[in-house]
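1. What follows is a predicted protein model with its sequence.
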Amino acid sequence: MVQVIKVSKSYINYLNENLLFYEQQIVNILIYVVVAELSIITALMFMIIKALQDVNQLIRKILILITKLSEDDVNQINKIYTEIKTILKDPKQVQWKKTNFVKCIFETNFIKNKQDLNFLQSSNASSNSQNNKQKFKKRYQNSSLTSRVYNLRLPQIWNYAFIFLSWLFLAGYLLGALGLSLSMVHSIKPAIALNLQLIEFKLKFDSLIVYGEILKTDYLVNLKLNQFYELSSIKFNQDGVLTEFFSLQEGFQDQLYDIYDQLSSSTSLLEEQKNTLLIPFQSSLCESDPTLVPACTIPLESTSSDYSLDYLSGGIVDMVHEFSKTLKTFWQITDFAITDEDQLEKFLSGQVYTTEFVHHFLFQGKIMEQIAYTMLNLNKTTIDSVIFKFQIYMYIMGLTLIIMYIFCFYKWILRLDNEMYLTKLALTLIPADFLNEQKTMSDLKNILNE
């Protein structure tokens with residue numbers, strides 16, 4: 001029995017230690033998972049930024065190629081398309097049918113090209129033809145639109161803001177899940193720890209009763225065994241039991257008061273649940289389960305029943321107080337064993353021993369087991385509720401974010417694709433003579449390869 005008590009005590013201590021250990025382990029794992037997910041999301045965002053920069057670089061190259069046109073070319077193109085726009089907006093919707101748009105565009109380009117050719121031919125006829133060619137080329141370069149652009153960077157503030165907000169929402173979602181998980185772990189821990197304290201107190205109560213009986217009856221039990229069965233005295237570590245017995249009495253009542261205070265101030269239990277659990281502590285045990293304790297249903301015909309009711313009337317708190325008084329009265333450090341058979345018989349048949357020792361394992365102890373079992377079920381219910389709330393958060397918020405991100409990224413990619421399409425379409429604005437230049441063809445090939 002002594003070994004069983006020691007093993008049980010060691011097991012409860014092991015549970016208490018592992019409660020703290022696994023709580024810290026859960027917290028660490030949650031932090032590691034969130035940090036890993038944030039790292040993956042951050043890396044993904046940087047990849048998106050890199051892809052965005054590549055697209056912007058391509059658009060920039062296309063725009064630079066287009067802006068190599070001279071100002072005269074652009075004015076000529078604007079003139080052509082203004083005329084076309086005027087034709088298309090004709091209220092009668094007749095003019096566009098009579099217009100040859102190909103002729104309108106290419107004849108205008110032909111006239112300009114002819115003017116440039118005449119200028120070059122006239123320059124060749126002069127004595128300074130080479131210098132005039134250089135002047136023409138310089139005039140063309142100076143009038144190029146690119147020369148008037150000082151900031152070649154494209155405005156990307158809204159794109160970067162969108163990416164940052166996307167990262168921020170995902171980080172907030174993950175950090176919110178982490179905060180919710182940590183709060184749940186910390187809210188569940190006190191209730192589980194309280195349940196373990198109650199089990200530990202019940203084991204201490206049981207141990208005091210067992211140790212008390214052993215110390216009280218050991219002398220005469222060994223003597224009778226030796227007389228009837230001619231056995232030598234059963235040896236056991238009496239000093240160890242005695243030390244453990246008086247050690248368990250230290251802080252025995254204080255531990256119960258601590259359990260009562262924690263239970264009454266618990267925030268993880270509803271008021272109705274809390275009041276149900278507090279009834280056995282502060283009111284008669286007969287109110288908890290009258291059918292479990294015979295003294296609650298037996299009429300007061302004997303002093304034994306009367307004492308049993310008095311012992312149970314104050315609840316567990318008063319019961320433990322009376323039991324502590326009994327231990328101090330009948331178990332002294334120097335006087336704990338009964339050596340006289342009559343005294344032992346009187347003690348074993350007395351009200352105190354019957355009510356406080358024998359009935360403990362039959363009735364009162366079972367009520368304490370019921371309390372521990374009820375708290376365990378409430379903890380399971382609380383854990384299930386906490387897990388359900390966490391799942392609601394993860395599923396609802398997760399699905400909302402997924403839908404929102406699919407929609408926003410679809411719109412964003414569609415806008416970028418449209419910008420890219422319009423930019424490539426702008427290449428058609430380049431005049432045919434400019435497209436035939438070797439440098440322009442080389443730039444276009446590089447753009448297409450990218």
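-> Nice, thanks for sending it over.
2. Need the contact partners of the strand or helix carrying Lys274.
-> Lys274 belongs to helix 271-282 when elements are defined using DSSP states H and E. Contacts to helix 271-282, defined as Cβ atoms under 8 Å, 6 or more residues apart in numbering, come from residues 260, 263-264, 266, 269, 287-288, 315-317, 367-368, 371, 374-375, 378. Placement of C-beta: from N, CA and C, glycine included.
3. For that helix, what does the pLDDT average out to?
-> The average pLDDT within helix 271-282 is 82.
4. Check stretch 436-450 too.
-> Mean pLDDT, computed over stretch 436-450, is 75.
5. next one: that stretch to chain centre, how far?
-> How far stretch 436-450 lies from its chain's middle: 53 Å, per Cα atoms, centre = their mean, to the nearest Å.
6. what's that stretch in contact with?
-> Asp54, Leu58, Lys61, Ile62, Leu65, Lys68, Leu427, Ile430, Phe434, Leu435.
7. Can you pull out the low-pLDDT segments for this protein?
-> Where the chain drops to pLDDT under 70, the residues are 1-22, 68-74, 91, 102-155, 225-237, 292-295, 298-306, 333-336, 431-433, 450.
8. In it, which helix is the longest?
-> Secondary structure of the chain per DSSP state H: the longest helix is helix 157-229.
9. For the helix or strand just after that helix, name the packing helices and strands.
-> Once the chain leaves helix 157-229, the next helix or strand it forms, by DSSP H and E, is helix 238-249. Using 3 or more Cβ pairs under 8 Å, 6 or more residues apart in numbering; DSSP states H and E, the elements in contact with helix 238-249 are helix 157-229.
10. again, only using 10 Å
-> Helix 238-249 sits against helix 2-66, helix 157-229, helix 315-330, with contacts defined as 3 or more Cβ pairs under 10 Å, 6 or more residues apart in numbering; DSSP states H and E.
11. These: which one's closest to Gly251?
-> Nearest to Gly251 among the helices and strands packed on helix 238-249 is helix 157-229; the distance by Cβ to Cβ comes to 9.4 Å.
12. tell me the angle the closest one makes with helix 238-249.
-> Relative orientation of helix 157-229 versus helix 238-249 (axes from the mean of the first three to the mean of the last three Cα atoms, to 10 degrees): 130 degrees.
13. Please tell me how far the closest residue in space to Thr374 that isn't next to it in sequence sits from Ile403.
-> Nearest residue to Thr374, sequence neighbours excluded (Cβ to Cβ, 6 or more residues apart in numbering): Leu277, at 6.5 Å. For Leu277, the distance to Ile403 equals 44 Å [Cβ to Cβ, to the nearest Å].
14. So those two - more neighbours on which side?
-> Set Leu277 next to Ile403 and count neighbours by other Cβ atoms under 10 Å: Leu277 wins out with 21 against 10.
15. and Val241, how many neighbours does it have?
-> 17.
16. what's the answer for the one 4 residues further on, then?
-> Per other Cβ under 10 Å, the neighbour tally for Phe245 reads 20.
17. so what's it up against?
-> Phe245 is in contact with Ser207, Leu208, Val210, Tyr211, Gly212, Ile214, Leu215, Leu327, Trp331, Ile333, Phe336, counting by Cβ atoms under 10 Å, 6 or more residues apart in numbering.
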